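>>> turn this into a structure:
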Amino acid sequence: MADRRIKPAIALLAVSLLLAGCATQMAGVVKPQAPGFLFGLIHGFIAPVTFIISLFQDDVAVYAVPNNGAWYNFGFVLGIGGFAGGATQARR
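Numbering: from 1, shown residues only. Okay, the predicted model is just below:
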């Protein structure tokens, strides 16, 4: 029974990864002054508040585009994780 559900899920995951692997960023879009790791960390940490503000204001975005790529993404994920970890600790 579980085999019936796992095979389509694996196939969907494989197709999704294949399509995601085709995504590229246009050359020349990233500038040297584009947000990097530190801004990604800050943006990730304030993302919940920024999300709420972005619902009411069109000029506010949760994620900076363009950014410098992997380092910004890494900082953003760490910032989101820091917020979630802090919220978990506050609950205890």
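>>> secondary structure class for residue 63?
Taking DSSP: H, G, I helix; E, B strand; the rest coil as the rule, one finds residue 63 in the coil state.
>>> for it, give me its contacts.
The contact partners of residue 63, taken as C-beta atoms under 8 Å, 6 or more residues apart in numbering, are 43, 76. Every C-beta, even on glycine, is put in place using the N, C-alpha and C of the backbone.
>>> need the pLDDT of it.
According to the prediction, residue 63 has pLDDT 86.
>>> buried ones in stretch 5-19?
Of the residues in stretch 5-19, none count as buried by neighbour count, 16 or more other C-beta atoms under 10 Å.
>>> quick one: contacts of it?
Outside stretch 5-19, not a single residue reaches it (C-beta under 8 Å, 6+ apart).
>>> tell me how far it is from the chain's mean position?
Averaged C-alpha coordinates place stretch 5-19 at 21 Å from its chain's average position (C-alpha atoms, centre = their mean, to the nearest Å).
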